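Undergrad: pasting the sequence and the predicted model now:
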Amino acid sequence: MYTEGVEYLPNLGTSLLKIRGGESGSDFDGSGSDEDFDDSDFGSDIDGMSDFDESLSSDSFTSRMLQHYKTTPPVTKAFLTTSFALTFYGYITGGGYPAFATLDYGGVFRGQVWRLLTGFLNYGPFGISYLLTTQFVWTYMSAIERLHHDQPTEFFVMMMTGMGSMLVAYFAFGFEPQLLAHNLSTFLVYIWSRIHEGMEVNLMELFNIKAEYLPWFFLLQTFLLEGQLPTLDLLGIVFGHIYYHWSREGVIKTPGWMMDLWEERGGKLKTAYEVIGQDFR
């Protein structure tokens, strides 16, 4: 189910993984054009850094970003665009992430059911950290969604399973976290790592590890930085593990009504995934 197009990952995303500690190794070649970033954009000498700074301020960088946004798969695009809109709204109003969009079970029971979704869009306050984090999430989420271009309903089920299982666990354990997006990203990274199991991943140009160890590295990183066990991120890994194995064994599969709805009402979304599928031919 996951073997087709394993070598596809946008070069912009892999370049950013240098910053976040997850750039893929040489065994994992992108299929982007010559317009994309390459290693020369990150030269180690002063001249190289000057060239990189110049590229960041040029129109070509903006056009690349717009092109990557344009070609982002539908669900990933909608997810991160809505996150950006809510976060930026909170930034300009000076109140942080909007209170009406955070997870609040009391509000949910009063009919504010959108909180079950918008709670997963909070990556923290708007700023450079937010932009880097969403770029990081874009890399993994869009890569997984692209691999499901021929069966996008499986991706829908994967996202629903991840968010749904976390919400149930949070409620059962009495948790009401604000940054659910980080926990969901751990879920996504785990699934990505299993899809690309065995692939060498370079960490900050220091050493290589297998892709399947990547979520555990990020978990350890969070523990060292925050000084406490990242329980909610660990739940993301647990639910990612359950989904990955149960989906392969057929325990979790796309319900018939969703497949019928997709066939009847897919419309423009079908066309979008067909365009994505051209990258795998």
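TA: Perfect, thanks for sending it. Keep in mind the model is a prediction, meaning the values are calculated, not measured. Numbering: from 1, shown residues only.
Undergrad: residue ranges in this protein under the pLDDT threshold?
TA: 1-59, 61 (pLDDT under 70).
Undergrad: for the stretch 101-250 of the chain, what spans make up the strands?
TA: Assigned by DSSP state E, counting those that start in this stretch, the stretch 101-250 of the chain shows strands spanning 200-203, 207-210.
Undergrad: tell me what the first one is packed against?
TA: Spelled out, it's strand 200-203. strand 23-24, strand 207-210 (3 or more C-beta pairs under 8 Å, 6 or more residues apart in numbering; DSSP states H and E). C-beta here means a position set from N, CA and C on the backbone, and glycine is covered the same way.
Undergrad: about what we covered before: deepest in the core, which of the strands of the stretch 101-250 of the chain is it.
TA: strand 200-203 (a mean of 18; mean count of other C-beta atoms under 10 Å).
Undergrad: centre of the chain to it, how far?
TA: Mean C-alpha position of strand 200-203 versus that of the full chain (C-alpha atoms, centre = their mean, to the nearest Å) differs by 18 Å.
Undergrad: do the same with stretch 95-111
TA: Averaging C-alpha positions (C-alpha atoms, centre = their mean) puts stretch 95-111 23 Å from its chain's average.
Undergrad: send the alpha carbons of that stretch over as PDB?
TA: Provided in PDB are the C-alpha atoms of stretch 95-111 (Å, rounded to 0.1, in the frame of the first residue of the first chain):
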ATOM      1  CA  GLY A  95      -4.700  37.400  22.300                       C
ATOM      2  CA  GLY A  96      -2.700  34.400  21.100                       C
ATOM      3  CA  TYR A  97      -4.400  31.400  19.600                       C
ATOM      4  CA  PRO A  98      -8.200  32.200  19.600                       C
ATOM      5  CA  ALA A  99      -9.900  30.900  22.700                       C
ATOM      6  CA  PHE A 100     -12.900  29.900  20.600                       C
ATOM      7  CA  ALA A 101     -10.700  27.400  18.700                       C
ATOM      8  CA  THR A 102      -8.900  25.700  21.600                       C
ATOM      9  CA  LEU A 103      -9.800  22.300  22.900                       C
ATOM     10  CA  ASP A 104     -12.500  22.700  25.600                       C
ATOM     11  CA  TYR A 105     -14.600  19.700  26.400                       C
ATOM     12  CA  GLY A 106     -17.100  21.900  28.200                       C
ATOM     13  CA  GLY A 107     -17.500  23.900  25.000                       C
ATOM     14  CA  VAL A 108     -17.800  20.800  22.900                       C
ATOM     15  CA  PHE A 109     -20.600  19.500  25.100                       C
ATOM     16  CA  ARG A 110     -22.300  22.900  24.600                       C
ATOM     17  CA  GLY A 111     -22.300  22.300  20.800                       C
END
